[in-house]
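S.K.: Build the 3D model from these lines:
(chains A and B)
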Number of protein chains: 2
Amino acid sequence: MKKLTTQMELLKALAKRSESKILFLIIDGLGGLPLSEDGQTELEVAHTPNLDFLAKKGICGVMDPILPGITPGSGPAHLALFGYDPLHFVVGRGVLGALGVDFPLDQSDVVGRMNFATIDQAGRLTDRRAGRLSSEKGKELCSLLSQIKVKEVELFVVPVSEYRAALVLRGPDLSDRLSDSDPQTIGVPPLEVQSLGPEAQKTAHLVNEFIAQARELLSEQHPANMVLCRGFGKYRPFPSMEEVYKLKGAAIAAYPMYRGLARLVGMELIPTGKEVEEEFRALRDNFANYDFLFLHIKHTDSAGEDGDFQRKASLIEEVDQLLPQLAELNPDVLVVTGDHSTPIPLKAHSWHPVPILLTSRWVRPDRVERFNERECLYGGLGRFPATYLMPLALAHALRLKKYGA
Amino acid sequence: MKKLTTQMELLKALAKRSESKILFLIIDGLGGLPLSEDGQTELEVAHTPNLDFLAKKGICGVMDPILPGITPGSGPAHLALFGYDPLHFVVGRGVLGALGVDFPLDQSDVVGRMNFATIDQAGRLTDRRAGRLSSEKGKELCSLLSQIKVKEVELFVVPVSEYRAALVLRGPDLSDRLSDSDPQTIGVPPLEVQSLGPEAQKTAHLVNEFIAQARELLSEQHPANMVLCRGFGKYRPFPSMEEVYKLKGAAIAAYPMYRGLARLVGMELIPTGKEVEEEFRALRDNFANYDFLFLHIKHTDSAGEDGDFQRKASLIEEVDQLLPQLAELNPDVLVVTGDHSTPIPLKAHSWHPVPILLTSRWVRPDRVERFNERECLYGGLGRFPATYLMPLALAHALRLKKYGA
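M.R.: Numbers count the residues shown, from 1 in each chain, chains lettered A, B, ... in the order given. As a prediction, this is how the structure comes out:
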């Protein structure tokens, strides 16, 4: 079990049970950049009367997911939102995928993220995602690879979604100090997995053995005729939100990685479809049963990574139109923010701070009247590290005792 | 070698090579205070169309050099700008002077900053800078003092500039745990150098022996008839900007202490004259050869310490007029800021935060339209510790990989 940070120790000492409810609406990749010097961001362009109403009613600000200037992956960015210092709580992508599809991990398991991929006759990568395989085909190929046997260890090839899978090694003396076989680019052959310390030599050998057999088994398949592995790690349980914050939490998230993250911090996973409306419905149906609810919207980030300004703006408007459904649930604290920015011109995650709004009976009002990057700069929450969000939410839900006499 | 801070470890793991260029224009002592309650600062009074243009185009904020309320010396203030936590990376003033004039220091050397000074017949200080001696005279007197011999150790008396020198002791069993002989005031005699621990008794004795002989040798000189020593330290190499940030850096700085600082963090030193125009020319001539360039303007701080409002405002205007020369070089990231404030009414460094502007293709715009203390308060960078400047600059130069999956 990872140790608590100083902030978590403090919150654990101060947290108290209550009937109050906290709701986080996380719009993935929310923050942006204008397309031109005098232009507006997608959030500024989008027509968002409901977000603006909440911004006016609540308190706003901007958050740095990790540190100023640091661009986060989705894993560390979400951990920060839940109050888990992402420089302290480190977790591999394979572990998140496996947890996200409910695979029962052991603490000695070594887990890597696995992609199905395409190589040409010379063995060079031509597609790192095998044409974004269907989930059905992905499952079928994972079954095929489950035949593979290597010495001494049990192997599990766990389908995650589409071309994504997790490779789990279970057995004695395994180490996760392994390099990636995924070169993160095309036109070159996959890499050998290397041990990053002498204790990992055996594991590296076994993974390479698995990859060789997988290549053999997939040789007649197309486009998925190869696998790529990366992000090896062991599963180390994190302290739960229940333990630290005394919150019974639930996650409504369609994508396995986010479900894995939520499970890692002790939330229950609510079944949901992939559409925003389906997620909102799942939230409404389960709102009464939890103290803390995390609703994750993925599509906005994907639109940002595709560089599609109009689609991202439209998706933000779609969320905005559904917002009154959340307000009707009347949570004691409602937070709307992103995990990180995904600006259209960068087509990637970025370091830019993320706008946030928080409503509660107990907010001290500021002057912000619209929810966007520029307005939120002048909000009452100022600019702050994302790990402060949880204590702010708990406080506004009257779930923290006084510190000291 | 000093250990890396957590932030540096992170940046070292994320930094990547690139063709992009980062330029820091550091206007020493930039921030100020109004002379009267309703007045304006020197930066507000100065006519600065080019700085204002960049402020409008870029993103602004204010920085705390060390911590809110802490007034920094120039050494720690510059270390913070370069991302070196000044509470962790401590360096003596003597070491900086010696490095700034290219004296080849060893790691066991003990180095103190030395001033030529004036004492009266009763031995009381009348001028701590000996009438601001010329550099030529300073050199001559340093040669004179180089005759001094003390037991067991080699002595070097290194001219730095004007009345400033460095005293270097090289030999076995030396310690830098020494008090200053400079009482930092006039009307009193210089102090005995004391050992601050038993291991420094021998070194204290040797330094006092040197000072006694120097006083003897200088007795016929006027006004430089005495020496004052302070800021003893050993030279401990710092991790370089190349090692931590993968940046090939160069410094254009006329004054030895700033050159010493730049060398300490691994920058190359570009030869330059002392005038601002000469520095700008040196920058233009060398811009193509480096990833990171640091241009240091000294005169603004001196005007502040002299309490000369008009001169400081004029010097700011002079820099402003030369600014288009920097813009023409088209750096990927341009930062204009100071190392600390030097307000006219205080005639000294102060703790007030320093205005900063940053331009880059990738800044998220804010509403600041003028570059001064009051406007920058409302900039998109907010108020932040100066050690965050390097990660922000690297990010805007697209020189950092994503953290985590």
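
S.K.: burial of the closest residue to chain B within the stretch 151-300 of chain A, as a residue count?
M.R.: Nearest residue of the stretch 151-300 of chain A to chain B, counting by C-beta to the nearest C-beta: A:G231, 5.3 Å away. (Each C-beta comes from the backbone N, C-alpha and C, glycine too.) For A:G231, the neighbour count with other C-beta atoms under 10 Å in any protein chain shown is 24.

S.K.: Burial check on the closest residue to it other than its chain neighbours, number of neighbours?
M.R.: Closest residue in space to A:G231, ignoring its immediate chain neighbours: A:R93 at 3.7 Å, by C-beta to C-beta, 6 or more residues apart in numbering or on different chains. For A:R93, the number of neighbouring residues by other C-beta under 10 Å comes to 24.

S.K.: so who does A:R93 touch?
M.R.: Applying C-beta atoms under 8 Å, 6 or more residues apart in numbering or on different chains to A:R93 gives the contacts A:73, A:75, A:113, A:230-231, A:233, A:257, B:405.

S.K.: So which of those residues is the closest to B:P172?
M.R.: The nearest member of the contacts of A:R93 to B:P172, counting by C-beta to C-beta, is A:G233 at 50.0 Å.

S.K.: Show me what the helix or strand hosting A:H205 is packed against.
M.R.: A:H205 belongs to helix A:201-217 when assigned by DSSP states H and E. Secondary-structure packing of helix A:201-217 (3 or more C-beta pairs under 8 Å, 6 or more residues apart in numbering or on different chains; DSSP states H and E): helix A:135-145, strand A:164-170, strand A:226-234.

S.K.: Reformat the contacts of A:R93 as TSV; add distance to A:A250 and pLDDT.
M.R.: Compiled in TSV, the contacts of A:R93 are given as follows (distance: C-beta to C-beta, whole Å; pLDDT from 0 to 100):
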residue	distance to A:A250	pLDDT
A:G73	24	92
A:G75	19	92
A:R113	25	94
A:R230	30	93
A:G231	26	89
A:G233	25	92
A:M257	17	89
B:A405	24	71
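
S.K.: For stretch A:310-319, could you pull out the residues that count as buried?
M.R.: Across stretch A:310-319, burial judged by 16 or more other C-beta atoms under 10 Å in any protein chain shown covers A:311-319.

S.K.: residues making contact with that stretch?
M.R.: Contacts with stretch A:310-319, where a contact means C-beta under 8 Å, 6+ apart, come from A:25, A:27, A:29-30, A:32, A:42-43, A:45-48, A:51, A:276, A:297, A:299-300, A:303-304, A:344.

S.K.: Please repeat the previous calculation with a cut-off of 7 Å.
M.R.: Here stretch A:310-319 makes contact (C-beta atoms under 7 Å, 6 or more residues apart in numbering or on different chains) with A:27, A:42-43, A:45-48, A:276, A:297, A:299-300, A:303-304, A:344.

S.K.: Among those residues, which are located in helices?
M.R.: Assigned to helices by DSSP state H, the following of these qualify: A:42-43, A:45, A:276, A:299-300, A:303-304.

S.K.: contacting residues around A:Q213?
M.R.: Neighbouring residues of A:Q213 by C-beta under 7 Å, 6+ apart: A:I148.

S.K.: Same check on A:L228?
M.R.: Applying C-beta under 7 Å, 6+ apart to A:L228 gives the contacts A:114-115, A:117, A:128, A:181-182, A:190.

S.K.: for A:P68, same thing?
M.R.: Here A:P68 is in contact with B:384, B:388, B:391-392 (criterion: C-beta under 7 Å, 6+ apart).

S.K.: Same check on A:G380?
M.R.: Applying C-beta under 7 Å, 6+ apart to A:G380 gives the contacts A:59-61, A:364, A:366.

S.K.: Now the buried members of the contacts of stretch A:310-319.
M.R.: By 16+ other C-beta under 10 Å, the contacts of stretch A:310-319 give A:27, A:42-43, A:45-46, A:48, A:276, A:297, A:299-300, A:303-304, A:344 as buried.

S.K.: Between the residues you listed, which sits nearest A:L133?
M.R.: Nearest to A:L133 among those, counting by C-beta to C-beta, is A:H299 at 19.7 Å.

S.K.: Find the nearest non-adjacent residue to that closest one, please.
M.R.: Closest residue in space to A:H299, ignoring its immediate chain neighbours: A:L315 at 5.1 Å, by C-beta to C-beta, 6+ apart.

S.K.: Many thanks, we can stop here.
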